[in-house]
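A.B. asks: I need the structure of the sequence given here:
(chains A and B)
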Amino acid sequence: RKEVEQDPGPFNVPEGATVAFNCTYSNSASQSFFWYRQDCRKEPKLLMSVYSSGNEDGRFTAQLNRASQYISLLIRDSKLSDSATYLCAGALDSNYQLIWGAGTKLIIKP
Amino acid sequence: NAGVTQTPKFRVLKTGQSMTLLCAQDMNHEYMYWYRQDPGMGLRLIHYSVGEGTTAKGEVPDGYNVSRLKKQNFLLGLESAAPSQTSVYFCASRPRDSRAYTDTQYFGPGTRLTVL
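C.D. replies: Predicted coordinates for the structure are as follows:
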């Protein structure tokens, strides 16, 4: 089992809809998590971080459920420009590394 | 402030050739990383460095070597390239913080390497 797992998708969603996807992790010692956005053939860029129960930034909400060991990303009022691959990563305080999921591909359709 | 830069952007090698990928950051970050990204596999850590003069192995270090002689530069070397090393290579850096797990990584634009 991978340490961080994501549904690869693609999620095909109409513009304006709300979409949510999860990322599960196996290491209960993971202390913080990150959602990165990666556009086709580009580098990942940080979208949101979450250390406690959740974080909200405009149309984006990230939530952490430690009991069930998953984090979620909710996108409201989706835009065509939200089309991308969303990578989730978990961090351990004991080292300097992030553990990455393989990404979820999101396609917003007009 | 250029952030993280990578040289070259593209390269085609023949099996057995060698090359060095250069990563440079101007943010005075302590930590630097080299990843490879293959379709459906996400980012896999090759090597990383927690400071000038130090390096450590990541998840997939075989076939690669690294050096961090200067704080701002992190070099990734392929001594004898193989087709299995065809991939997109990303460099990343991160500042040191007392709460290490809160810091995020900043990525370079990537190097697309093809080994024939």
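A.B. asks: Residue numbers of chain A in contact with chain B?
C.D. replies: A:8, A:31-32, A:34, A:41-46, A:49, A:51, A:87, A:91-93, A:96-98, A:100-103 (C-beta under 8 Å from any C-beta of the partner chain). Yep, even glycine has a C-beta here, placed from its N, CA and C like the rest.
A.B. asks: distance of residue B:73 from residue B:3?
C.D. replies: Noted for residue B:73: a distance of 14 Å to residue B:3, by C-beta to C-beta, to the nearest Å.
A.B. asks: which residues of chain A fall in helices?
C.D. replies: Secondary structure of chain A by DSSP state H: no helices are present.
A.B. asks: Show me where it dips below the pLDDT cut-off.
C.D. replies: A:1-2, A:92-95 (pLDDT under 70).
A.B. asks: can you give me the strands in it?
C.D. replies: Assigned by DSSP state E, the strands in chain A fall at A:4-6, A:11-14, A:19-25, A:32-38, A:45-50, A:54-57, A:60-65, A:70-75, A:84-91, A:98-100, A:104-109.
A.B. asks: what comes up buried for the fourth one?
C.D. replies: What that stands for is strand A:32-38. A:32, A:33, A:34, A:35, A:36, A:37, A:38 (16 or more other C-beta atoms under 10 Å in any protein chain shown).
A.B. asks: Can you tell me the centre-most residue of chain B?
C.D. replies: The centroid of chain B falls nearest to residue B:34 when counting by C-alpha atoms, centre = their mean (2.4 Å).
A.B. asks: Which other helices and strands does whichever strand or helix holds that one contact?
C.D. replies: Element membership for residue B:34, per DSSP states H and E: strand B:31-38. Judged by 3 or more C-beta pairs under 8 Å, 6 or more residues apart in numbering or on different chains; DSSP states H and E, the packing partners of strand B:31-38 are strand B:19-25, strand B:42-51, strand B:73-78, strand B:87-94.
A.B. asks: can you do 10 Å?
C.D. replies: strand A:98-100, strand B:19-25, strand B:42-51, strand B:64-67, strand B:73-78, strand B:87-94, strand B:111-115 (3 or more C-beta pairs under 10 Å, 6 or more residues apart in numbering or on different chains; DSSP states H and E).
A.B. asks: any weak-confidence spans in chain B?
C.D. replies: B:98-103.
A.B. asks: hang on, the earlier thing: of the buried residues of strand A:32-38, closest to residue B:87?
C.D. replies: Nearest to residue B:87 among the buried residues of strand A:32-38, counting by C-beta to C-beta, is residue A:38 at 14.8 Å.
A.B. asks: Next, the contact list for that closest one, please.
C.D. replies: A:44-45, A:47, A:84-87, A:103, A:105, B:37, B:42-43, B:90, B:107 (C-beta atoms under 10 Å, 6 or more residues apart in numbering or on different chains).
A.B. asks: Now, of those, which are buried?
C.D. replies: Judged by 16+ other C-beta under 10 Å, buried ones among the contacts of residue A:38: A:44, A:47, A:84-87, A:103, A:105, B:37, B:42-43, B:90, B:107.
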